[in-house]
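Asker: Compute the structure for the input listed below.
(2 chains)
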Amino acid sequence: MPDAASTDDAELVSRLRAGDEEAFRGLVRRMRRALQKVALAFVGSPAAAEEVVQDTWVAVVSQIDRFEERSSLRTWIGSILVNQAKTRGARDKRSVPFSSLSPEEAGPVEPERFAASGFWCLPPKRWDDAPESLLLRKETREAIDRELERLPPTQRSVVVLRDLEGWSSEEVCNVLGVSETNQRVLLHRGRQRLRAALEHHRSGES
Amino acid sequence: MFACRDATELMTEEREGALSGWVRVQFRFHMLICPHCKVCRRQLDEALAVARELPPEEVPPEVEEKAVAAFRTRVPRRPL
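Answerer: Residues are numbered from 1 along each chain as shown, chains lettered A, B, ... in the order given. Just a heads-up that it's a prediction; the model follows:
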């Protein structure tokens, strides 16, 4: 069944095939964060990720006539990126991320905050601000942004795709090649770290 | 026994509709009675609300121009 996204995709794809440069620029800008963060999960450095993104766009423009609209345009581009990134990662002799959950990705909340019984001994600190006022604060955004950058790259790419870019879990699983379960684990650990960053930021202020 | 640690580990699963049966019942009951876990879940939602407002990253101009140059050579302009 065609939905709004696929109608938009169809229009965009025909503009791209017709050589509409502005449509292409818009796409490059919109997909910037998603592609950059996913590439970083596969390669060692921001510079290498940049090259992977670059190669992805070259591949996208040369294959755009072959896009069959069986998937959304963004997952098609995402899959091209992951293939490029895997090739680059293998060349740089890096292990494939997402194939297993690494030990750095330990439990979501710091274990010392729970008693042996599993109940909180250091419960999350409350604050009274309404959520809307949090959103408006530059320092709060910066604290979350900093923590996002500090997340393990696999967690970060899942959080960015799901929570910042609004991808569905199915899209994320297809593009990254992870199971639903592992996707949820990565998402949850990443989200809990953002929550902890917000908590520390807020309690540090008061 | 279902404790706070279990609840904190299942918050995303619950949001994703991935809990079922007895675990879901225990989770929901725990969230009704535990003020700390309620705070934890609210903070989780608030952190995500802030994250969603983060401005998109700018594409470095040279990166954008390289991509557009590839586009120009490979997809020649033609009438729609």
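
Asker: can you tell if stretch A:168-186 touches chain B?
Answerer: Yes - using Cβ under 8 Å from any Cβ of the partner chain, stretch A:168-186 reaches chain B at A:169, A:180, A:184. All C-beta spots, glycine's among them, are computed from the backbone N, C-alpha and C.

Asker: out of these, which are buried?
Answerer: A:169, A:184 (16 or more other Cβ atoms under 10 Å in any protein chain shown).

Asker: ok, longest helix in chain B?
Answerer: Determined from DSSP state H, the single longest helix within chain B is helix B:35-52.

Asker: Average pLDDT for it, rounded please.
Answerer: Average pLDDT, helix B:35-52: 94.

Asker: could I have that helix exported to PDB, CA atoms only?
Answerer: Written as PDB, here are the backbone C-alpha positions of helix B:35-52 (Å, rounded to 0.1, in the frame of the first residue of the first chain):
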ATOM      1  CA  PRO B  35       8.100   6.200  42.300                       C
ATOM      2  CA  HIS B  36      11.800   5.900  41.400                       C
ATOM      3  CA  CYS B  37      11.200   3.900  38.300                       C
ATOM      4  CA  LYS B  38       8.500   6.400  37.300                       C
ATOM      5  CA  VAL B  39      11.100   9.100  37.600                       C
ATOM      6  CA  CYS B  40      13.600   7.000  35.600                       C
ATOM      7  CA  ARG B  41      11.100   6.500  32.800                       C
ATOM      8  CA  ARG B  42      10.100  10.100  32.700                       C
ATOM      9  CA  GLN B  43      13.800  11.100  32.400                       C
ATOM     10  CA  LEU B  44      14.200   8.700  29.600                       C
ATOM     11  CA  ASP B  45      11.400  10.300  27.700                       C
ATOM     12  CA  GLU B  46      12.700  13.800  28.500                       C
ATOM     13  CA  ALA B  47      16.200  12.900  27.300                       C
ATOM     14  CA  LEU B  48      14.800  11.700  24.000                       C
ATOM     15  CA  ALA B  49      12.700  14.800  23.600                       C
ATOM     16  CA  VAL B  50      15.800  16.900  24.000                       C
ATOM     17  CA  ALA B  51      17.700  14.600  21.600                       C
ATOM     18  CA  ARG B  52      15.000  15.000  18.900                       C
END
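
Asker: quick one: buried residues of it?
Answerer: Here helix B:35-52 shows B:36-41, B:43-44, B:46-51 as buried, counting by 16+ other Cβ under 10 Å.
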